[in-house]
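# With the input below, show me the fold.
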Amino acid sequence: MWRSRKALSLQPSRQTMNRTDLPGLYVHVPFCKTKCPYCDFYSVTDTSLVDRWCTALLQEARMYPGLGEFDSLYIGGGTPSLLDDRQMTELILALGGIFRFAPETELTVEMNPDDVTREKLGLYRSLGVNRISLGVQSFAEDEVRFLCRRHTAQQALSALEAVAGAGFREYGIDLMYGLPGQSLGAWQVTLERALSFDPDHLSCYQLTVEGNTPFAGMAKEGKLSMPDDALQAGLFVKTSECLTGAGFLHYEVSNFARGKERLARHNVKYWQHTPYLGLGPSAHSFTGRKRWWNVRDVTLYLKTIHSGHMPVEGSEELSSSQMNMEKILCGSRTLWGINVRDITPPLSEERITGLCDSGFITVEGQRIVPTLKGYLFADKLPLLIS
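Numbers count the residues shown, from 1 in each chain. You can find the predicted model right below:
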């Protein structure tokens, strides 16, 4: 079993800790065999640079000496599962030697279904990986093809069978709804198929057209017809009703866990302002007041590391008002809601009553908690609150 050997200290101050969690470590693997037309995350399809990236990433890690203890390591991307056995072994073991990790650290690896083999799953377990996030997106072959995924619907089913039987502490499934032509009935079938594998976690994302993606170009040219707002809302409500009815906790707009002990610990840090360190091209870091981000270019990242410099592209120091607004933005998306003391100027009793009467929130002690309707309007709710 993988164990860490050296020390690390991105310790949050008492003032900035919302929970007792330790900081988290994120590693961005910026490589994909193919690019999905909806994805705005940074990645490249030239995998010839993987070894050089791995060496550079470990050099970057060593640029943060004397850090405290982490309790989560999330290897995301991109497509981490395209790393071969040697590369993944070297990466995880080296990070365990550079940094110190708490007992029962959550160690997550994102996988694409067509990378899943029983041998690879066995290797991951031997390295201490205890959580798998599987990017299924859909079980319908026409939807998989529309999304240009490199796996088939049958490969997704086979991968889930393998992951479910591999003995990980927990595993999650990523799904996508709001696709052109998708009906409520078809989405219900997808959800029920996912539930049949008894996952610990489900992330259900609405397809959004972002940035300079191919889908954005198609939408601009009128070649992509998205579902209307009413159907999108219906799909969202169907998701929540189906999964909460199956015993899942709807703890964030797009995320569901089989009980509080199955929350995605690493991702919760982002929503609760717990510090985290990000390594790799385009990765972000946060210490409680300061946020910084790396260059979004593999070649520039390698060149900067090779020259002995940190690959940081920019940073910002958050003011108290910015911190409070971020707490409102994050709280509007989560079941723990917003502490009324973080709202400036303070909300009047009349405003709180109005939001309750409109069905957007409930009040639990000193916290304003979004309802399902509040989740549905999570992008607009902060404007109604602040």
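# show me what contacts residue 340?
Shown in contact with residue 340 (Cβ atoms under 8 Å, 6 or more residues apart in numbering): 346, 347, 366, 367, 368. Placement of C-beta: from N, CA and C, glycine included.
# try 6 Å
By Cβ atoms under 6 Å, 6 or more residues apart in numbering, the contact list for residue 340 reads residue 366.
# do residue 73 as well
25, 107.
# Is the spatially closest residue to residue 171 that is not a sequence neighbour in a helix, a strand, or coil?
Counting by Cβ to Cβ, 6 or more residues apart in numbering, residue 132 is the residue found nearest to residue 171 once chain neighbours are left out, at 4.2 Å. Applying DSSP: H, G, I helix; E, B strand; the rest coil to residue 132 yields a three-state assignment of strand.
# which phi and psi does residue 31 have?
Phi and psi for residue 31, reported as degrees, to the nearest 10, are phi -130, psi 140.
# Count the residues that sit near it.
Neighbours of residue 31 under the rule other Cβ atoms under 10 Å: 21.
# need the contact list for it.
Residue 31 neighbours (Cβ under 6 Å, 6+ apart): 43, 47, 50, 78.
# just checking, the residue nearest to residue 171 touches residue 163?
Yes. Here residue 132 reaches residue 163: they are 5.4 Å apart, a contact under Cβ atoms under 6 Å.
# Quick check: neighbours shared by the two?
Common neighbours of residue 132 and residue 163 (Cβ under 6 Å, 6+ apart) are residue 171.
# quick one: which helix or strand includes the most centrally placed residue in the chain?
Centroid-nearest residue in the chain, with Cα atoms, centre = their mean: residue 267, separated by 5.5 Å. If you go by DSSP states H and E, residue 267 is part of helix 265-271.
# Kindly report the same for residue 108.
Residue 108 belongs to strand 100-111 when assigned by DSSP H and E.
# what's the answer for residue 97, then?
helix 85-98.
# buried sites along that helix?
Judged by neighbour count using 16 or more other Cβ atoms under 10 Å, the buried positions of helix 85-98 are 87, 88, 89, 91, 92, 93, 94, 95, 96, 98.
# just these now: which is nearest residue 117?
residue 88 (12.7 Å; Cβ to Cβ).
# Tell me how far the closest one lies from residue 27.
Distance of residue 88 to residue 27, given as Cβ to Cβ, to the nearest Å: 11 Å.
# mind listing the helices in the stretch 151-300 of the chain by residue range?
153-164, 184-195, 214-220, 229-245, 265-271, 298-306 (DSSP state H, counting those that start in this stretch).
# how about residue 207, what does it touch?
Counting by Cβ under 6 Å, 6+ apart, residue 207 touches 176, 178, 179.
# What about these, which one has the most neighbours?
residue 176 (23 neighbours).
# got a list of contacts for the helix or strand of the chain with the lowest mean pLDDT?
Lowest by mean pLDDT, DSSP states H and E among the helices and strands of the chain is helix 381-385, with a mean of 87. Residues from elsewhere that reach helix 381-385, judged by Cβ under 6 Å, 6+ apart: 328, 329, 332, 374.
# That's all I had, so thanks and see you.
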